[in-house]
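Q: Turn this into a model:
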Amino acid sequence: MYNGTFDAIAKTFQSFGILGFYRGVSAVIVGSTFSSAMYFGTCEFGKSVLSKIPNYPAVLIPPTAGAMGNIISSAIMVPKELITQRMQTGAKGRSWEVLVKILEKDGVLGLYAGYSATLLRNLPAGVLSYSSFEYLKSAVLSKTGQENLEPLQSVCCGALAGAISASITTPLDVVKTRLMTQVQGETTNKVSAVVYSGVSETVQQILKEEGWVGFSRGMGPRVVHSACFAALGYFAFETARLTLLHQYLKKKESEGMVNASV
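A: Numbering: from 1, shown residues only. Next up, the predicted model:
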């Protein structure tokens, strides 16, 4: 349908106007709120538990915690991405209307179309992103002697971690997107009427029709998006974590002073 990033921007603007770039935004807001909470919460919980296991290699704690976070958060992320991508590729109606149509046509399992491909992408993406951020954070703190990252340092480490993860996992994202955006038994556009039945068949079809270059489609926008998304995400997470930690320590200190006076 599109011949490149600028062609996609031009056609989207021609068809839907400026609002076309925000199709599915309500699904993104709701889904990302819960999936991000589950992701970061599980990662931190996993990191805390793993650090207490005797003889568990410290270098493996970030990737293991990242994998745990993605397995849990993908249960929320997959339906959110499915609705968003259906809307971005032309599905009519609001987010909840697209949700109802999917449920009517394919049932609850229809919300998890491409789940295996999404998990196949999210696991390495999450491991790479979270691990890269933790390793970069550790390197910065070690070099500067600080206890915590400064806001700008959080942004830079997050952006670099997101870019690294996105560039390496783009082929997996291409496969996942093909599975999610197809409409079973229907032709969605004049270019392709292929119906993919699974990850392996999708990989074979892309290789057959487009060659290896087909797995790099959309890499530029995805790397930019992931870098910005990760920069904001990790900055917000670090800020919230430090704020809650300071409040907790302040409360404990206040309670200790009261007990001492009593």
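
Q: List the contacts of the residue minimising distance to the centre of the chain.
A: With distances taken as C-alpha atoms, centre = their mean, the residue of the chain nearest its centroid is Asn122 (6.9 Å). By C-beta atoms under 8 Å, 6 or more residues apart in numbering, the contact list for Asn122 reads Asn70, Ser73, Ser74, Met77. Placement of C-beta: from N, CA and C, glycine included.

Q: Now do the helices in the stretch 101-250 of the chain.
A: 115-144, 151-181, 199-210, 219-261 (DSSP state H, counting those that start in this stretch).

Q: Okay, now the unreliable bits of this protein?
A: Low-confidence segments of the chain, defined by pLDDT under 70: 1-2, 24, 27, 88-93, 96, 114, 117, 121, 180-197, 258-262.

Q: Nearest to Gly31, out of the helices of the stretch 101-250 of the chain?
A: Closest approach to Gly31 among the helices of the stretch 101-250 of the chain (C-beta to C-beta): helix 115-144, 12.5 Å.

Q: Let me know how buried Ser167 is, in neighbour terms.
A: Other residues near Ser167 come to 16 when the count uses other C-beta atoms under 10 Å.

Q: From Ser216, how far out is it?
A: The gap separating Ser167 from Ser216 is 10 Å, by C-beta to C-beta, to the nearest Å.

Q: And for Val224?
A: Plainly put, Val224 is 14 Å away from Ser216 if you go by C-beta to C-beta.

Q: need the contact list for the nearest residue to Leu242 once chain neighbours are set aside.
A: Nearest non-adjacent residue to Leu242, counting by C-beta to C-beta, 6 or more residues apart in numbering: Asn148, 5.8 Å away. Residues near Asn148 by C-beta under 8 Å, 6+ apart: Leu141, Glu238, Leu242.

Q: Can you tell me which of those residues has the most neighbours?
A: Neighbour counts for these (other C-beta under 10 Å) peak at Glu238, which has 21 neighbours.

Q: what's the burial count for the residue nearest to it when sequence neighbours are not counted?
A: Spatial nearest neighbour of Glu238, excluding adjacent residues (C-beta to C-beta, 6+ apart): Ser154 at 4.5 Å. If you count neighbours by other C-beta under 10 Å, Ser154 ends up with 25.

Q: Could you count how many residues lie near Pro63?
A: Pro63 has 19 neighbours, counted by other C-beta under 10 Å.

Q: typed the wrong thing, it's Ala139
A: Look at Ala139: counted by other C-beta under 10 Å, it has 11 neighbours.

Q: Including distance to Phe21, could the contacts of Asn148 go into CSV?
A: Putting these into CSV (distance: C-beta to C-beta, whole Å) gives the following:
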residue, distance to Phe21
Leu141, 38
Glu238, 29
Leu242, 33
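
Q: of these, closest to Gly107?
A: Within the contacts of Asn148, the smallest distance to Gly107 is 40.2 Å, found for Glu238 (C-beta to C-beta).

Q: The closest one contacts Val155, doesn't it?
A: No: assessed by C-beta atoms under 8 Å, Glu238 is found out of contact with Val155, at 9.4 Å.

Q: Tell me who's in contact with the residue nearest to Ala230 when sequence neighbours are not counted.
A: Leaving aside its sequence neighbours, Ala230 sits nearest to Gly162 (C-beta to C-beta, 6+ apart; 2.6 Å). The neighbours of Gly162, taking C-beta under 8 Å, 6+ apart as the test, are Ser129, Ser226, Ala227, Cys228, Phe229, Ala230, Ala231, Gly233.

Q: Good, wrapping up.
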